[in-house]
Structure formats: C-alpha cells, structure tokens
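Visitor: got a predicted model here, sequence first, then my questions.
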Amino acid sequence: MILAIDIGNTNVKCGVFDGDKLVSSLRLSSSVNKTSDEYGMYMKNILHERGIKPEMIDGVIMSSVNPNMNYTFEHLIRYYFDKKPLVVGAGLKTGLNIKYDNPKEVGADRIVGSVAAYYTYGGPCIVMDCGTATTFNAISGKGEFLGGAIGLGLKTASDALTKSASKLPKVELAVPEKTIGKTTITNMQSGLIFGYIGMVEYLVNGIKKDMNCENVKVVATGGLSEIVAANSNVIDVVDRTLTLRGLNVIYKMNAGGTV
C-alpha cells in the first residue's frame, strides 16, 4: 500500500492506495504549531481503526505548498512508518512536459493535480483547484503543462471582505436564490459566489481561447468545486480525490511501477 500526503495551506489530505484503489483517506488541519508526534499519532490511530497498520505501508509520497510543515511530516513518516518519503519537486518524474519560463516556480499541488487529470481524463484539459487560492492549469493533448492562472479562493475572498470592512459580518458560503439580494447577508453571498463563478467562467473560456481548442475537458477539485459545478456549465467533472490520485501516479512512475 502507498500513503499519499498533500500538505496545503489550510488542510493536509492523506490517502492510502492499494494499487489504483483509494482504500482510505483523512483530512487534517494545517498548523505549524503541531508536532510530528501529534500528527503522527493521530494518523496512526485513525488508520489503525480502519485496519491499516504502519507495516502495511510500502511507500510514502508527499507534496507541499507549505514549506514550514515539510520537516514535521518528513520526520513523522520516518518515525511512524519507517519510510523515506518521495517528495514532489525538481528531479521527480511526472510524465508532463512543463512549458513554464521557470519550471521550478510551479507549485507541487498544481503539478500533481494536472498529472492526475491527464492520466485519468486525457488531454487537452483544464484543471481548476478551488483551495485557499484558485488555480487554473492548462494541459495540452501531448501532456504539456502550458501554464494557467491563479486567483483568490472563495473562502479567502470571504475572509478578506469581512476583515477589511468592519461592518460586514461573516457569512455562510451558500448560493442565494437571486443575484439581487435584499439583506446584507444575501448581498454578500451574491457578490462572493456569483462573482467567483463569473471569474471561473471568464478564465476557463479565456484559457480555451488561448489553447485554440474548444474541445477541452474541465476538471474541478477542491472543497468548493461543487458550488461552481452546480451553478455553471463550464465544469465537466468534479473529482475531489484528484490530488491524492496524482500522487499515487507519480509514486508509481518513480518507483518503477506501471501507471
């Protein structure tokens, strides 16, 4: 079995794969204040409850956009699972040709999601990840990572609005019935959610135009991807396990397995 760990700015996602099958997954909050023992014991106990013991893990791979937590997780992987993790970064095979001015600038999360989308759904495709930031990645039919766009995440925009405007309250990110709101809450929900969907639609259509290809599959992942998919016609597939499955693909590429 392979343990895949994706360290994000808000959450840490973990998944255990038996071949191509995701047999278990869990989510932890990202915190630089937690120790490797706190994370390690929690992971070990949760997996044990699900019938997965540390000695059943044959290999570990991790990606991170939160460098302050890397040492913590590398240490717990060595101590609790007795493995040296593969870390997504320069020198690791991904199967993609990175057409970036400086390939080292591309976030590991963007590469991993793009790998999963390309090997699962084929190319050309656009991968949208609705996280702390919203990223858009364009992959050609030949497996080239062409670049993309980075925008605000929906929750990030909501938090920034309430923090910067002292009289505006925190709101639930729920879709209002109409664009014209009749209360401060529905006004904010309209501006945040419909404005976010408008950004997504504009960028997806713009990326398709730049790719000079209309027949592009759009794959969305991340916590709020369902909101966009339910209220827009630009999303073809919602896949919440995309990043973890991309890590599993990259592990097999670099461990000599069959993808």
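Guide: Everything's here; your move.
Visitor: from here on, just use CA atoms for contacts and neighbour counts.
Guide: Will do.
Visitor: where do the strands sit along the stretch 101-250 of the chain?
Guide: Listed in chain order, the strands found in the stretch 101-250 of the chain under DSSP state E, counting those that start in this stretch are 125-130, 133-139, 144-152, 217-222, 237-238.
Visitor: need those strands in a markdown table (columns: mean neighbour count and distance to D37).
Guide: Formatted as a markdown table, the strands of the stretch 101-250 of the chain follow (neighbours: other C-alpha atoms under 10 Å; distance: least, C-alpha to C-alpha, whole Å):
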| stretch | mean neighbour count | distance to D37 |
| --- | --- | --- |
| strand 125-130 | 26 | 30 |
| strand 133-139 | 23 | 29 |
| strand 144-152 | 17 | 33 |
| strand 217-222 | 23 | 27 |
| strand 237-238 | 18 | 34 |
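Visitor: between those, which one is closest to G191.
Guide: Each of the strands of the stretch 101-250 of the chain has some distance to G191 by C-alpha to C-alpha; the shortest is strand 144-152, at 13.7 Å.
Visitor: can you give me the helices in the stretch 1-150 of the chain?
Guide: For the stretch 1-150 of the chain, the helices defined by DSSP state H, counting those that start in this stretch occupy 36-49, 70-81, 108-121.
Visitor: same check on the stretch 151-259 of the chain?
Guide: Counting by DSSP H, counting those that start in this stretch, the stretch 151-259 of the chain has these helices, from start to end: 154-164, 184-189, 195-211, 225-230, 242-254.
Visitor: go through these and pick out the most buried.
Guide: Compared across the helices of the stretch 151-259 of the chain, helix 242-254 shows the largest average neighbour count, a mean of 24 (mean count of other C-alpha atoms under 10 Å).
Visitor: now the angle from that one to strand 217-222?
Guide: 110 degrees (axes from the mean of the first three to the mean of the last three C-alpha atoms, to 10 degrees).
Visitor: export helix 242-254 to PDB, keeping only CA atoms.
Guide: As requested, C-alpha coordinates have been extracted for helix 242-254 and formatted as PDB (Å, rounded to 0.1, in the frame of the first residue of the first chain):
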ATOM      1  CA  LEU A 242      -7.600  14.300  -7.800                       C
ATOM      2  CA  THR A 243      -4.500  15.400  -5.900                       C
ATOM      3  CA  LEU A 244      -4.200  12.200  -3.900                       C
ATOM      4  CA  ARG A 245      -4.600  10.100  -7.100                       C
ATOM      5  CA  GLY A 246      -2.000  12.200  -8.800                       C
ATOM      6  CA  LEU A 247       0.500  11.500  -6.000                       C
ATOM      7  CA  ASN A 248      -0.200   7.800  -6.500                       C
ATOM      8  CA  VAL A 249       0.500   8.000 -10.200                       C
ATOM      9  CA  ILE A 250       3.800   9.900  -9.600                       C
ATOM     10  CA  TYR A 251       4.900   7.400  -7.000                       C
ATOM     11  CA  LYS A 252       4.400   4.500  -9.400                       C
ATOM     12  CA  MET A 253       6.300   6.400 -12.100                       C
ATOM     13  CA  ASN A 254       9.300   6.900  -9.800                       C
END
